[in-house]
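Participant: Fold the following for me, if possible:
(chains A and B)
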Number of protein chains: 2
Amino acid sequence: MSWSVDRPMARQIQLTRRPEGALSADDFAARSVPIEPLVDGDYVVRNAWLSIDAATILRIGDLATGYLPPFALDSPMEGWAVGSVVESRSSRFQVGTPVLHNYGWRDHTVLSDRVTGWGAGEILDVGSGRSLRDYVGRLGTTGLTAWAGLVRVAAAKPGDVVYVSAGAGAVGGMVVQLAKARGHIVVASAGSADKVAYLIDELGADAAFSYRDGPVEAGLRAAAPDGIDVYFDNVGGTHLDAALQAMRAGGRVALCGAISTYAPDSTEPGVRNLFSAIAKGLTLKGFLARMYADDFDTARAEIAALVDAGTLRFPEVVSQGLDQAPAALLDLLHGGNIGKILVSLGI
Amino acid sequence: MSWSVDRPMARQIQLTRRPEGALSADDFAARSVPIEPLVDGDYVVRNAWLSIDAATILRIGDLATGYLPPFALDSPMEGWAVGSVVESRSSRFQVGTPVLHNYGWRDHTVLSDRVTGWGAGEILDVGSGRSLRDYVGRLGTTGLTAWAGLVRVAAAKPGDVVYVSAGAGAVGGMVVQLAKARGHIVVASAGSADKVAYLIDELGADAAFSYRDGPVEAGLRAAAPDGIDVYFDNVGGTHLDAALQAMRAGGRVALCGAISTYAPDSTEPGVRNLFSAIAKGLTLKGFLARMYADDFDTARAEIAALVDAGTLRFPEVVSQGLDQAPAALLDLLHGGNIGKILVSLGI
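Facilitator: Predicted coordinates:
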């Protein structure tokens, strides 16, 4: 596709039906639609990278979760993306400006500088060794979510034992490393022996276990025999139940994700150990990164310091081409990968 | 039974087996045991009133809940009681002193002034219109639990919509009235039309519904169509799920009890709506009154002001005689009564 004086086309991934059983690539279609002429304030971003995030799965269903609304059928999906402005009727977002926004899952996105706030276009600082790609990864929602959950939501204190589930995932891996850098004792879980080795050998977790080796409760007890003070929850369900059981008095849970419950065909049972929260005075606090937007500069500075020190591991699994985005999302749901899942649009 | 120079007997309720199915009065026995001669610091309280509390049910099972340990079989049970000292080798707890302690379910309790802290004997102020009985009720753990959960745990703010389950129970009724006195909009649920009428007509709740009239979620939506900010949870399970669904952004849950899950034969499903906590930034915080002991003077002063104003409703259901304590506990579990359940020892 070329960008010419003729009105160009934007290719986008659309949801074509709501799955009743397991999610499949057949629930999506890649379609091209014309880009309408711009009005004042509009600008077009050619997207370079898409972030693949678990929460997207929630918007594929039609449940009122209190999160963002379900995707409309036969309309472009949404998600974090970075790219550069290629056409503009905005004085702020001039051609060539690097931009982060939440209207990805398409190769070109039309935005307006009259729309502000969460998800709207944000001009990025890509100097000083920061790449565009960092902003759909370690300096984007992934890194900010990890920082906000650990530092602000769970308020991890010196000496705390911090447990992270899905520790080999993008957010989980950031939590492990931020927690280690902050001096906590870190326990992590994941779904394979390879991931457990990665958590210990690469990320520096003090202990790790695979939830596929036996009940989470037993794995956690072996990894943290004296209990835990903080649980960063990416999984929900039985992982949360096990963490509640292992918590010491006054412990805190940052509820970040519940991927075990997201799939339309999930059979994960409900949480049964909430009485532990009463008996031990525990706090469970849910959050989305955007609730801590006032802290993003602080968070990015702390993460950037680890990047600059060369100590931060942030592996990326990159799919090539927009049409691969649904398959990348299915990979995330099935948990086969280590690290951040991205789609490169090849520019 | 008389108190004489011969060593007297103490009658006590003992748990004789751990029920596998439904709890029954046959799981308990009333037994008399001799009171050993006192040593220095000891004193004997003749108990006048026993408090019947839901949490006692948890100690009848043998699960490690993180709460107080399970009751030993064929040993005296425990629970809040008030009475007066009838024999003493303590200089602080002299004969005639009114005392609150957690070693009830017996007619006489031997305590020691060398034991301090939670559950140990506390000398009561029964002047100024405060009766002994108040300290197993509105000025005891019941009232303190209601105050701590509403004020400190949920941190209810002016204008908040506060929802209370088991609103016609002892703690729930106190929450309704404290919340109304503090200017909140109050929604309550209970298990019968009589209780709903009591909540509205006697306690002043702004709206109330019976969970037996349909799904809790539907009842709550009708009673609080614009959602809730605070949920004081006495029930757990489906009530908690409905509250999570109804919560507005930034809402807070005080996890006080989960009576729907306490019975050994409970089939209450697990909690499934915790994702709502993520999407809406909700906080769930568990507590026991004793975690807020530093606030007890403040709490009692606020409750006492309502007592003195003559506006506080605190109905009591009184069983006569120690041997009725197991039946009173079963009544509490089955939810038939309005207000506080007490056992009078007839002195």
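
Participant: contacts, neighbours, all on C-alpha from now
Facilitator: Fine.

Participant: Can you list the buried residues in stretch A:325-332?
Facilitator: A:325, A:326, A:328, A:329, A:330, A:332 (16 or more other Cα atoms under 10 Å in any protein chain shown).

Participant: Oops, could you answer that again for stretch A:7-23 instead?
Facilitator: Neighbour-count burial for stretch A:7-23, counted by 16+ other Cα under 10 Å, picks out A:8, A:9, A:10, A:11, A:12, A:13, A:14, A:15, A:16, A:18, A:19, A:23.

Participant: mind listing what the second one touches?
Facilitator: In other words, residue A:9. A:1, A:32, A:33, A:34, A:35 (Cα atoms under 8 Å, 6 or more residues apart in numbering or on different chains).

Participant: From those, pick the one nearest residue B:74.
Facilitator: Nearest to residue B:74 among the contacts of residue A:9, counting by Cα to Cα, is residue A:32 at 76.7 Å.

Participant: what packs against the host helix or strand of that closest one?
Facilitator: If you go by DSSP states H and E, residue A:32 is part of strand A:28-34. Helices and strands touching strand A:28-34, by 3 or more Cα pairs under 8 Å, 6 or more residues apart in numbering or on different chains; DSSP states H and E, are strand A:9-15.

Participant: can you count the residues close to the spatially closest residue to residue A:255 that is not a sequence neighbour?
Facilitator: Closest residue in space to residue A:255, ignoring its immediate chain neighbours: residue A:286 at 4.3 Å, by Cα to Cα, 6 or more residues apart in numbering or on different chains. Number of residues near residue A:286 (other Cα atoms under 10 Å in any protein chain shown) recorded here: 26.

Participant: got it, and residue A:29?
Facilitator: 17.

Participant: surely it meets residue A:11?
Facilitator: No - if you go by Cα atoms under 8 Å, residue A:29 and residue A:11 don't touch, sitting 10.2 Å apart.

Participant: So what touches the lowest-mean-pLDDT helix or strand in chain A?
Facilitator: For chain A, scoring each helix and strand by mean pLDDT, DSSP states H and E identifies helix A:56-60 as the least confident one, at a mean of 89. For helix A:56-60, contacts defined as Cα under 8 Å, 6+ apart pick out A:15, A:18, A:65, A:68, A:69, A:70, A:71, A:78, A:79, A:262, A:263.

Participant: what's near enough to touch the first one?
Facilitator: Neighbour list for residue A:15: A:27, A:28, A:29, A:60, A:71, A:72, A:73, A:74, A:75, A:76, A:77 [criterion: Cα under 8 Å, 6+ apart].

Participant: Would you reformat the residues you listed as TSV and include distance to residue B:132?
Facilitator: Below are the contacts of residue A:15 laid out as TSV (distance: Cα to Cα, whole Å):
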residue	distance to residue B:132
A:27	68
A:28	70
A:29	73
A:60	60
A:71	61
A:72	64
A:73	66
A:74	70
A:75	69
A:76	69
A:77	66
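
Participant: Now, of these, which are buried?
Facilitator: Looks like these have A:28, A:29, A:60, A:71, A:72, A:76, A:77 buried, using 16+ other Cα under 10 Å.

Participant: Among those residues, which has the minimum pLDDT value?
Facilitator: Note: of these, the lowest pLDDT belongs to residue A:60, at 91.

Participant: ok, now how distant is that residue from chain B?
Facilitator: According to Cα to the nearest Cα, to the nearest Å, residue A:60 and chain B sit 15 Å apart.

Participant: For residue A:68, see how far away that residue is.
Facilitator: Distance, residue A:60 to residue A:68, using Cα to Cα, to the nearest Å: 11 Å.

Participant: The residue nearest to residue A:236 when sequence neighbours are not counted: how many residues sit nearby?
Facilitator: Using Cα to Cα, 6+ apart and skipping the chain neighbours, the partner closest in space to residue A:236 is residue A:258 (4.2 Å). Residue A:258 has 19 neighbouring residues, counting by other Cα under 10 Å.

Participant: Look up how far residue B:246 lies from residue A:258.
Facilitator: 19 Å.

Participant: same thing with residue A:288?
Facilitator: The spacing between residue A:288 and residue B:246, counted by Cα to Cα, is 18 Å.

Participant: In terms of neighbours, single out the busier of these two.
Facilitator: residue B:246 (25 against 22).

Participant: Residue numbers of the stretch 151-300 of chain A in contact with chain B?
Facilitator: Residues of the stretch 151-300 of chain A lying close to chain B (Cα under 8 Å from any Cα of the partner chain) are A:255-258, A:269-272, A:275-288, A:291.

Participant: Tell me the spatial nearest neighbour of residue A:316, not counting adjacent residues.
Facilitator: residue A:340 (4.6 Å).

Participant: hey, C-alpha coordinates of the least confident helix or strand of chain A in CSV?
Facilitator: Taking only C-alpha atoms (Å, rounded to 0.1, in the frame of the first residue of the first chain), the coordinates of helix A:56-60 have been written out as CSV:
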residue,chain,number,x,y,z
THR,A,56,-8.3,-7.3,24.8
ILE,A,57,-9.9,-10.7,25.3
LEU,A,58,-12.4,-9.2,27.7
ARG,A,59,-13.7,-6.9,25.0
ILE,A,60,-14.3,-9.7,22.6
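
Participant: list the buried ones in that helix?
Facilitator: In helix A:56-60, counting by 16+ other Cα under 10 Å, buried: A:56, A:57, A:58, A:59, A:60.

Participant: for stretch A:80-95, same thing?
Facilitator: For stretch A:80-95, burial by neighbour count (16+ other Cα under 10 Å) applies to A:80-90, A:93-95.

Participant: what residue ranges in chain A score low on pLDDT?
Facilitator: Along chain A, the model assigns pLDDT under 70 to residues A:1-6, A:64, A:347.

Participant: Please, where are all the helices along it?
Facilitator: Along chain A, counting by DSSP state H, helices occupy A:56-60, A:141-147, A:170-181, A:193-197, A:216-223, A:237-246, A:275-280, A:296-309, A:325-334.

Participant: Next up, the contacts around residue A:119.
Facilitator: A:80, A:101, A:102, A:103.

Participant: Just the buried residues of the residues you listed.
Facilitator: Among the contacts of residue A:119, those classed as buried by 16+ other Cα under 10 Å are A:80, A:101, A:102, A:103.

Participant: Just give me the closest of the residues you listed to residue B:151.
Facilitator: Nearest to residue B:151 among the buried ones among the contacts of residue A:119 is residue A:102, at 38.8 Å by Cα to Cα.

Participant: Now that closest one: closest residue in space that isn't a chain neighbour?
Facilitator: Residue A:102's closest residue in space is residue A:80 (Cα to Cα, 6+ apart), at 4.2 Å.

Participant: Am I right that the one you found is in contact with residue A:101?
Facilitator: Yes - counting by Cα under 8 Å, residue A:80 does reach residue A:101; the two are 5.7 Å apart.

Participant: how many neighbours does residue A:38 have?
Facilitator: So residue A:38, with other Cα under 10 Å, has 16 neighbours.

Participant: Nearest residue to it in space, please, no chain neighbours.
Facilitator: Setting aside the residues directly before and after it, residue A:38 is nearest to residue A:89 in space (Cα to Cα, 6+ apart), at 6.9 Å.

Participant: for residue A:315, same thing?
Facilitator: Per Cα to Cα, 6+ apart, closest to residue A:315 is residue A:339, 5.0 Å.

Participant: does that neighbour have beta-bridge partners, and which?
Facilitator: residue A:169 (DSSP bridges).

Participant: re the thing from before, I'd like the contacts of residue A:119 laid out as CSV, including distance to residue B:207.
Facilitator: Putting those into CSV (distance: Cα to Cα, whole Å) gives the following:
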residue, distance to residue B:207
A:80, 43
A:101, 43
A:102, 41
A:103, 42
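
Participant: Since that was my last question, I'll sign off now.
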